[in-house]
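In: Provide a 3D model corresponding to the input given below.
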Amino acid sequence: MNKFKLILAFSFWIFLTAISCNRDDINFESPTQLLRFSQDTLFLDTVYNQVRSETYAVKIYNNEDKDVMIPKISLEKGAGSLYRINVDGKAGTDFSNIPLRKKDSLYIFVEIAPIANAPEAIAEDRINFQTPAGNQHVTLFSVVQDAEFYIESKTNPNILNSNTLWTGNKAKIIFGDLTLAEGKTLNIEKGTKIYFHKNSGLKISKNAKLNINGDLGEEIIFRGDRNDTRYDTIPKNWQGISMEANSILNMNYAKVFGGTVGLEMNQTTATIDNSIFHTHQEFGIMAINSIVTAKNLVMNNCGNADFAIFKGGTYNIIHSTLANYWSLNSALPGLGLYATNEYDNGTSIEQGALTLNVKNSIIYTDNDNAVLFKPTAGQTFNYSFQTSLLKYGSSANYTLDAGSMKNQDPKFQNYFTQKMNLRLKADSPAKGKGNTAAAATAPLDIVKISRLVNPSMGAYQ
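Out: Numbers count the residues shown, from 1 in each chain. Okay, the predicted model is just below:
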């Protein structure tokens with residue numbers, strides 16, 4: 001027993017000696033070489049007043065064969081900077097005598113948190129490094145945009161009770177649900193950006209109207225409020241836009257992405273032109289017994305289906321591209337188009353007649369079949385595919401007209417959502433194969449190129 005205690009005490013002494021050596025006996029010297037950085041400029045994504053950014057990092061390397069002490073690391077603008085940094089686990093703006101072991105590295109974490117009415121649209125600062133070897137810096141750069149906030153709470157139901165105009169001079173940031181009251185109109189002008197916090201959404205009440213008036217290069221953006229570019233290709237960052245019975249939607253040049261259901265319409269009358277939906281967990285568009293005309297509609301990367309139709313309705317899809325290369329969850333079917341006469345409202349199964357016309361369009365996925373129909377006995381289920389290109393699998397339960405194509409790769413420029421470009425390559429089989437009469441109803445493609453001569457299928461000429 002005594003021998004065991006002696007061994008234990010000796011081991012503990014060795015342990016303490018090792019700690020003492022590690023902490024106290026290291027000789028940190030002044031650097032004789034310049035430090036090396038993982039990058040000399042750190043670009044933070046666009047942020048909004050009063051909203052903290054994601055956390056970014058820059059790495060410092062000590063290339064010397066000795067332990068060094070960095071005399072000073074600081075933000076050039078000091079306490080007045082919109083940025084905050086964390087060095088070696090400590091937050092602040094000014095740090096002294098930072099140790100860095102030989103051949104080792106150190107992270108500096110960076111955030112920007114603009115105050116209300118920040119004085120600058122471009123926020124620029126420097127992390128300065130002072131050593132005997134020379135002064136160095138890493139530039140910090142971010143765009144700061146003014147924002148208008150709509151916050152739902154127990155005391156604020158977050159309702160637009162009057163006709164409202166949104167312009168592009170301020171981003172709109174929504175926490176919780178924002179509701180347009182029954183019978184009111186929301187007009188959104190070109191260039192407006194609408195950002196939603198997690199689980200937030202826009203609700204359009206009965207008999208209300210939503211007018212989305214974007215333009216090429218000045219599209220209206222609907223997305224989650226996390227602006228790091230990796231969230232551009234992640235769904236469920238927000239809920240979506242939902243429209244109740246007898247509501248009206250006019251949408252032109254919008255981009256809707258990163259939600260659960262991008263647009264849900266229930267007995268809505270909608271005109272959707274020149275708009276892009278991508279990266280939604282369930283559906284890009286979900287329409288219940290609605291009347292929809294869509295031209296130059298582009299869709300991709302939706303878990304269940306790009307465009308889903310329930311309880312029938314009337315739908316005209318013209319010169320649209322419904323691609324679906326969903327890969328985030330293989331359990332989801334990733335359809336281009338789904339249609340049924342039925343809808344489960346949670347308490348009963350509702351039914352309705354369907355009329356669907358698809359013209360000069362592309363519906364293509366990397367699965368066996370891009371379209372799934374589930375007609376209901378006793379209900380009208382009328383559909384037609386005219387001069388369109390479809391992925392047509394062995395389970396397909398629909399027919400195409402003589403001018404349509406089956407299973408020919410449309411040859412998109414890039415179908416990956418990171419750099420999505422669903423324009424057609426020069427040798428695409430859909431090039432110049434559209435019907436001229438259908439093209440006359442949508443004479444310009446989504447980027448305003450005329451398609452009156454040799455029209456191509458899909459949204460891009």
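
In: Thr347 - how many residues pack around it?
Out: By the measure other CB atoms under 10 Å, the count of residues near Thr347 is 6. Glycine gets a C-beta too; all of them are placed from N, C-alpha and C.

In: helix/strand/coil for it?
Out: Per DSSP: H, G, I helix; E, B strand; the rest coil, the secondary structure class of Thr347 is coil.

In: Look at it and report its pLDDT.
Out: As predicted, Thr347 sits at a pLDDT of 95.

In: same deal with Leu16?
Out: Reading off the confidence values, Leu16 has pLDDT 48.

In: go on, the one 5 residues further on?
Out: pLDDT for Cys21: 46.

In: One more: Phe43?
Out: For Phe43, the model assigns a pLDDT of 89.

In: got it, and Gly80?
Out: 88.

In: Show the contacting residues for it.
Out: Applying CB atoms under 8 Å, 6 or more residues apart in numbering, we find Gly80 in contact with no residue.

In: Distance check, it against Asp125.
Out: Going from Gly80 to Asp125 by CB to CB, to the nearest Å gives 10 Å.

In: The residue nearest the centre of the chain in helix, strand or coil?
Out: Centroid-nearest residue in the chain: Asp232, 3.1 Å away (criterion: CA atoms, centre = their mean). Secondary structure for Asp232, judged by three-state DSSP, is helix.

In: hang on, it packs against Asn301?
Out: No. Applying CB atoms under 8 Å, one finds Asp232 not in contact with Asn301, separated by 10.5 Å.

In: Can you pull out the low-pLDDT segments for this protein?
Out: 1-26, 115-120 (pLDDT under 70).

In: Which residues belonging to the lengthiest strand in it are considered buried?
Out: Ordering each strand of the chain by length in residues (DSSP state E) puts strand 283-302 first. Using 16 or more other CB atoms under 10 Å as the test for burial, strand 283-302 gives 283-302.

In: re the thing from before, against Gly201, how distant is the residue nearest to the centre of the chain?
Out: Distance from Asp232 to Gly201, counting by CB to CB: 19 Å.

In: now swap in Ile317 and tell me
Out: Ile317 is 25 Å from Gly201, by CB to CB.

In: same thing with Leu452?
Out: As judged by CB to CB, Leu452 and Gly201 stand 39 Å apart.

In: go on, Ser242?
Out: Where Gly201 is concerned, Ser242 sits at a distance of 6 Å (CB to CB).

In: quick one, what contacts the closest residue to Gly434 other than its chain neighbours?
Out: Using CB to CB, 6 or more residues apart in numbering and skipping residues adjacent in sequence, the residue nearest Gly434 is Pro455, 3.6 Å away. Listed by CB under 8 Å, 6+ apart, the contact partners of Pro455 are 319, 360, 432, 434-436, 438-439, 461.

In: For Pro455, grab phi and psi.
Out: Backbone torsions of Pro455, given as degrees, to the nearest 10, read phi -60, psi 140.

In: what's the answer for Gly201, then?
Out: Here is the backbone geometry of Gly201 (degrees, to the nearest 10): phi -160, psi 170.

In: What's opposite it in the beta bridge?
Out: Counting by DSSP bridges, Gly201 is bridged to Asp177, Gly240.

In: what sits against it?
Out: Contact analysis of Gly201 by CB under 8 Å, 6+ apart lists 174, 177-178, 238-242, 259.

In: if you set the cut-off to 7 Å instead, what comes out?
Out: Contacts here follow CB atoms under 7 Å, 6 or more residues apart in numbering; on that basis Gly201 touches 177, 238-242.

In: ok, back up a step: secondary structure for the contacts of Pro455 - can I get that in TSV?
Out: Below are the contacts of Pro455 laid out as TSV (three-state DSSP):
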residue	secondary structure
His319	coil
Asn360	coil
Gly432	coil
Gly434	coil
Asn435	coil
Thr436	helix
Ala438	helix
Ala439	helix
Gln461	coil
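
In: Leu35: which of these is nearest?
Out: Comparing the contacts of Pro455 against Leu35 with CB to CB picks out Gln461 as the nearest, at 52.8 Å.

In: Thanks again, I'm all set now.
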